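J.: No letters, just coordinates:
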């Protein structure tokens with residue numbers, strides 16, 4: 001008997017009809033001889049509606065109270081799924097994060113799972129029950145409720161699969177798998193039927209259909225993750241250890257050279273840039289800029305420091321647009337303390353990336369990317385790279401065009 005962990009996203013449980021459909025899928029999986037633990041997200045747009053409600057009450061809602069409020073969305077959906085299963089004659093039980101043994105740190109709104117003790121989940125599974133767990137949340141050592149950030153139910157599911165030693169984690173969503181680009185933006189996008197953890201982590205970090213922390217956990221504990229559509233029966237995308245990214249038998253040197261190393265184009269909206277101008281160029285000054293941001297739990301992504309002129313330099317960095325106000329306030333205070341000239345911000349940016357294993361060892365990928373954007377009159381504001389990713393910061397108004405241009409430039413519509 002295989003143990004599977006399934007996760008259903010908000011669109012999959014958006015209304016009563018979809019919840020019944022999910023329950024039927026779960027029962028079919030159980031009747032096939034599997035033990036099944038299920039993680040669910042909040043129904044439809046519930047989380048956004050709760051956030052809007054909180055901001056209609058308070059300009060800056062207390063993070064602890066906001067987390068407790070947001071956690072109710074998943075509690076509603078997990079209890080309704082359990083009820084639907086019972087209506088179908090299945091023995092099911094719902095659990096909140098505390099009952100499932102999910103312990104996190106104290107970073108409200110973006111907490112990380114630090115421990116998971118699934119003994120009660122396992123006990124219920126061994127009794128023959130289907131266990132439904134509220135995703136996206138956990139509890140601290142002081143029993144405060146926390147949330148894991150956008151897409152956190154993915155992390156809940158993968159962490160649970162790792163803790164239970166599940167054969168596979170299955171993530172069901174509104175698309176049939178992982179694509180070479182967002183099919184809502186690029187109609188020609190092609191589905192990938194398998195992808196390695198490393199490439200998927202880069203795609204997830206910049207907007208693909210999985211939470212980055214979930215992929216990190218899957219890679220660390222070698223949990224295979226199937227991403228598939230909840231509405232149909234099309235084969236999904238398997239994320240797993242993939243030693244030969246070309247697939248099949250070992251490719252020849254010529255075939256490896258000819259192979260397009262770009263697996264996908266991904267993007268991220270809501271990027272803001274902060275620039276601290278005329279920063280004194282001396283040891284320790286960059287630490288003085290970024291340490292207060294870290295202490296305030298503001299996550300920084302791309303960082304660019306200009307060449308020093310007259311022992312002054314500009315330091316630019318990107319943050320999520322939702323953190324822009326706090327980041328600018330902190331940066332202005334720091335600028336005054338270190339003798340910098342001033343701070344400016346741009347909150348209308350986005351990030352577009354090409355991702356693929358082996359790009360760093362093959363010439364031409366960066367220049368091809370830059371030329372494609374230039375030919376489309378899309379200006380590059382900032383550039384950052386990793387071993388398997390090249391990211392350009394561009395105006396958010398041009399983001400969709402940038403994705404389509406790069407998808408065509410690297411011929412990703414071709415198998």
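T.: Noted; the coordinates are in hand. Computed from a predicted model, the values in this text were never measured in an experiment.

J.: lowest-confidence helix or strand of this protein?
T.: Sorting the helices and strands of the chain by mean pLDDT, DSSP states H and E puts helix 253-258 at the bottom, at a mean of 38.

J.: Can you name every helix or strand that the helix or strand containing residue 403 contacts?
T.: Taking DSSP states H and E as the definition, one finds residue 403 inside helix 399-409. Helix 399-409 is packed against strand 264-280, strand 342-355, helix 365-375, with contacts defined by 3 or more CB pairs under 8 Å, 6 or more residues apart in numbering; DSSP states H and E. Yep, even glycine has a C-beta here, placed from its N, CA and C like the rest.

J.: residues in contact with the shortest one?
T.: Counting contacts by CB atoms under 8 Å, 6 or more residues apart in numbering, the residues outside helix 365-375 that touch it are 261-262, 354, 356, 359, 379-380, 385, 390, 392, 394, 402, 405-406, 408-410.

J.: Turn the buried ones among those into a named ChimeraX selection, would you?
T.: Buried members of the contacts of helix 365-375, defined by 16 or more other CB atoms under 10 Å, are picked up in ChimeraX with:
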select :261,262,354,356,359,390,392,394,402,405,406,408,409,410
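
J.: how long is stretch 113-131 end to end?
T.: With CA to CA, to the nearest Å as the measure, the ends of stretch 113-131 fall 20 Å from one another.

J.: what's the neighbour count on residue 237?
T.: 23 (other CB atoms under 10 Å).

J.: Rebuild the helices and strands packed on helix 399-409 as JSON lines, extending it with distance to residue 15 and mean pLDDT.
T.: Below are these laid out as JSON lines (distance: least, CB to CB, whole Å; pLDDT from 0 to 100):
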{"stretch": "strand 264-280", "distance to residue 15": "26", "mean pLDDT": "94"}
{"stretch": "strand 342-355", "distance to residue 15": "31", "mean pLDDT": "94"}
{"stretch": "helix 365-375", "distance to residue 15": "41", "mean pLDDT": "95"}
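
J.: Tabulate the ones you listed in JSON lines, adding columns for distance to residue 96.
T.: Compiled in JSON lines, the helices and strands packed on helix 399-409 are given as follows (distance: least, CB to CB, whole Å):
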{"stretch": "strand 264-280", "distance to residue 96": "30"}
{"stretch": "strand 342-355", "distance to residue 96": "35"}
{"stretch": "helix 365-375", "distance to residue 96": "45"}
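
J.: wait, which of the ones you listed is closest to residue 218?
T.: With CB to CB as the measure, strand 342-355 is the member of the helices and strands packed on helix 399-409 nearest residue 218 (16.8 Å).

J.: List the neighbouring strands of the closest one plus their orientation.
T.: If you go by DSSP bridges, strand 342-355 pairs up with strand 264-280 (antiparallel), strand 389-395 (antiparallel).

J.: Only the buried residues of it, if you could.
T.: Buried-residue list, strand 342-355, by 16+ other CB under 10 Å: 343, 345, 346, 347, 349, 350, 351, 352, 353, 354, 355.

J.: Need the per-residue pLDDT for residue 406.
T.: On pLDDT, residue 406 comes in at 97.

J.: quick one: contacts for it?
T.: Counted by CB under 8 Å, 6+ apart, residue 406 has contacts 265, 352, 354, 369, 372, 373.

J.: and if you look at residue 314?
T.: Residue 314 is in contact with 275, 276, 277, 278, 279, 305, 306, counting by CB under 8 Å, 6+ apart.

J.: Tell me where this protein is predicted with low confidence.
T.: Scanning the chain for pLDDT under 70 picks out 206-209, 243-259, 415.

J.: Pick out the residue nearest the middle of it.
T.: Centroid-nearest residue in the chain: residue 211, 2.5 Å away (criterion: CA atoms, centre = their mean).

J.: Identify the residues contacting that residue.
T.: 148, 149, 150, 151, 152, 153, 154, 155, 204.

J.: That one and residue 353: what is the separation?
T.: 17 Å (CB to CB, to the nearest Å).

J.: And the helices in this protein?
T.: 16-31, 46-57, 63-87, 119-126, 152-164, 197-205, 212-221, 253-258, 285-295, 324-338, 365-375, 399-409 (DSSP state H).

J.: among the ones you listed, which is nearest residue 182?
T.: helix 399-409 (6.9 Å).

J.: Also compute the angle for that closest one relative to strand 264-280, please.
T.: 120 degrees (axes from the mean of the first three to the mean of the last three CA atoms, to 10 degrees).

J.: chain center to helix 399-409, what's the gap?
T.: Helix 399-409 has its C-alpha centroid displaced from the chain centroid by 21 Å (CA atoms, centre = their mean, to the nearest Å).

J.: Stretch 395-411 too?
T.: With CA atoms, centre = their mean, you get 20 Å for stretch 395-411.

J.: re earlier: dump the strands paired with strand 342-355 to TSV, plus distance to residue 197.
T.: Below are these laid out as TSV (distance: least, CB to CB, whole Å):
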stretch	distance to residue 197
strand 264-280	14
strand 389-395	14
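
J.: what's the closest of these to residue 164?
T.: Nearest to residue 164, of the strands paired with strand 342-355 and by CB to CB, is strand 264-280 at 30.1 Å.

J.: what's around the nearest residue to residue 24 once chain neighbours are set aside, how many residues?
T.: In space, and not counting its chain neighbours, residue 24 is closest to residue 88: 6.8 Å by CB to CB, 6 or more residues apart in numbering. Counted by other CB under 10 Å, the residues lying close to residue 88 total 13.
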